[in-house]
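S.K.: got a sequence here, can you model it:
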Amino acid sequence: MAEKPGKDAAKPVKNEGQSSTAPDPTPGSGLSRKERQQVRDSTRPRPAVVYEIIRAQGEAELRRPVSALWWSGIAAGISIGFSFLTEAALAAHLPASDWSPIVAKLGYAVGFLIVILGHQQLFTENVLTAVLPVMARKQVHWLNKMLRLWGIVLAANIAGCLIFALATAFLPIIPADVAPALANIVNGVMSNTPWEMFAKGIGAGWLIAAVVWILASTEGVDFLVITLLTYLIALFGFTHIVAGSVEALYGVVTGLIGLDTAVFRFFLPTLAGNVFGGTVLFSVLSYAQVREEIYANHSDN
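M.R.: Here you go, the predicted model:
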């Protein structure tokens, strides 16, 4: 007669490799619903989201009427002149020392703060926002819209710069002790060779494009970001096509430089450098880092 198994024999045998610990909980399961929402709210947007924000902004700008672009561009050209004037005023009133130019260059950010926070049309800012829709659409129609925007805004910016330069040179609004500082800034910019203008323009184009990208991905730090990155343009001696045009045109109307020097030594090389830095480098690299994510999401949908 077979022996009945005891209580111990009825127990299942535990495998040696079987773990006795409970499975790991789902990450974040210990948080409340409110706390999980706080995590989602504090997460920075992915680069693909930032790209889409700027592309949407660019498409909106490309659809704006000519008159709106023109008058906003003129306002930006006038506003950017305060970068030139504020830097000169600080330089004129600071004591002569090695650190004075470093502090005076903080004034360069003033015009950019007025333009960007005031949502005025600035050519170098539009280099990035107008290019991204063209790269995404890949259609001649959008390329024509981009060239139209660039042409209108650049012409309007230069017109505004000329208005500011004429007012500064011929109206009694500038203290006499500031005029030499204005001339020193002009002479400093024009001491660059055309090749140096182009190379330094690349740096300025990159930094302005970086301002656009950072502002689209953050909130509440606009003043700090604009001030810091545009201050770097002045600190490093980079050349900016719009801010520098105020300086060059002031030099022309006051007889410091000739018009041909302003055009061929400053304007054309700096324009090429800004476009290269903001378009060929920053825009293309920004598109390259998000291209697979964007098209992967489209295919999933």
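S.K.: which SSE is immediately downstream of the longest helix along the chain?
M.R.: Counting residues, the longest helix found in the chain (DSSP state H) is helix 140-170. Using DSSP states H and E, the helix or strand that follows helix 140-170 in sequence is helix 179-190.
S.K.: leaving out chain neighbours, which residue sits closest to the residue most central in space within the chain?
M.R.: Centroid-nearest residue in the chain: Val211, 2.6 Å away (criterion: Cα atoms, centre = their mean). Nearest non-adjacent residue to Val211, counting by Cβ to Cβ, 6 or more residues apart in numbering: Leu229, 5.0 Å away. Just so you know, the C-beta spots here come from the backbone N, C-alpha and C atoms, and that holds for glycine as well.
S.K.: what's the answer for Val189, then?
M.R.: Using Cβ to Cβ, 6+ apart and skipping the chain neighbours, the partner closest in space to Val189 is Glu247 (5.3 Å).
S.K.: the one you found touches Phe84, doesn't it?
M.R.: Yes - the criterion here is Cβ atoms under 8 Å, and Glu247 meets it with Phe84 at 5.4 Å.
S.K.: which neighbours do the two share?
M.R.: Residues touching both Glu247 and Phe84 by Cβ atoms under 8 Å, 6 or more residues apart in numbering: Ile185.
S.K.: so, low pLDDT: which residues of the chain?
M.R.: 1-43, 294-301 (pLDDT under 70).
S.K.: hmm, 80 instead?
M.R.: 1-45, 280, 286-301 (pLDDT under 80).
S.K.: re earlier: next one: the residue nearest to the centre of the chain from Ser72, what distance?
M.R.: Going from Val211 to Ser72 by Cβ to Cβ, to the nearest Å gives 18 Å.
S.K.: try Asp177
M.R.: Separation of Asp177 from Ser72 (Cβ to Cβ): 34 Å.
S.K.: higher neighbour count, the two?
M.R.: More neighbours surround Ser72 than the other of Asp177 and Ser72, with 23 against 11 (other Cβ atoms under 10 Å).
S.K.: which residue comes closest to that one once chain neighbours are left out?
M.R.: With Cβ to Cβ, 6+ apart as the criterion, Ser72 has its nearest non-adjacent residue at 4.1 Å, and that residue is Gln121.
S.K.: count the residues that sit near the one you found.
M.R.: Other residues within reach of Gln121, judged by other Cβ under 10 Å, total 26.
S.K.: then Gln57?
M.R.: 18.
S.K.: now do the contacts for the closest residue in space to Ala76 that isn't next to it in sequence.
M.R.: Leaving aside its sequence neighbours, Ala76 sits nearest to Gln120 (Cβ to Cβ, 6+ apart; 3.8 Å). By Cβ under 8 Å, 6+ apart, the residues touching Gln120 are 72-73, 75-76, 79, 114.
S.K.: helices and strands around the longest helix of the chain, which ones?
M.R.: Secondary-structure packing of helix 140-170 (3 or more Cβ pairs under 8 Å, 6 or more residues apart in numbering; DSSP states H and E): helix 47-62, helix 66-93, helix 123-137, helix 241-253.
S.K.: and the residue nearest to Ala76, how far is that from Ile78?
M.R.: Gln120 is 9 Å from Ile78, by Cβ to Cβ.
S.K.: what about the longest helix of the chain, distance to the chain center?
M.R.: The chain centre lies 18 Å from the centre of helix 140-170; the measure is Cα atoms, centre = their mean, to the nearest Å.
S.K.: swap in stretch 80-89?
M.R.: 20 Å.
S.K.: hmm, who's touching that stretch?
M.R.: In contact with stretch 80-89 (Cβ under 8 Å, 6+ apart) are residues 104-112, 114-115, 122, 157, 160-161, 164-165, 168, 174-175, 178, 181-182, 184-185, 230, 234, 242-243, 246-247, 250.
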